[in-house]
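Asker: with the sequence up front, the predicted model follows.
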Amino acid sequence: MSILLALASLTARADEPVVNSDGSVTVCVVLPAAEDIVRAELDTAAEASALHGDATLVAQERQDGCERSTFKTRGLLSSISYVALRCPTSNGWKQTLVSSETFAENEAEWALRAVDGGTELRYRIRVRL
């Protein structure tokens, strides 16, 4: 288990998820670790996808400073595959849908900010079938 996952499961203080007006859901957690440690733990799609219970990374390649990743996740009747592009932002990463036979939209953002006692991790996701 990574340091981030151990911290998140044992000592993190998470706010209740918020449903935003655009249909996305945001959750914010303060991790008792320095921002550089948290950033290193989430630096690749493989590391970040470990926080998703159902999404499994099956292929990955670099593309213009970003990561193009193929994921497989459980569906109601069968598995769902999708391709996403995860790129760095000024304060974290943003992942956008490249292709899928099931999802019309699948976007996620990870934003980090140093706060008293550690690092705030704000995670926003919007999924539409």
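Answerer: Happy to help now that I have it. Residues are numbered from 1 along each chain as shown.
Asker: any low-confidence regions in this structure?
Answerer: 1-14, 45-53 (pLDDT under 70).
Asker: so where do the strands sit in it?
Answerer: For the chain, the strands defined by DSSP state E cover 13-14, 18-19, 25-31, 56-63, 66-73, 80-88, 92-100, 105-115, 118-128.
Asker: by contact count, what packs against the second one?
Answerer: Right, the one you point to is strand 18-19. If contacts are counted by 3 or more Cβ pairs under 8 Å, 6 or more residues apart in numbering; DSSP states H and E, strand 18-19 sits against strand 25-31. The C-beta positions use only the backbone N, C-alpha and C, and glycine is treated the same way.
Asker: for the strand it packs on, buried residues please.
Answerer: Residues of strand 25-31 classed as buried by neighbour count (16 or more other Cβ atoms under 10 Å): 26, 28, 29, 30, 31.
Asker: strand 118-128 and that one, what's the angle between them?
Answerer: For strand 25-31 and strand 118-128, the angle between their directions (axes from the mean of the first three to the mean of the last three Cα atoms, to 10 degrees) works out to 160 degrees.
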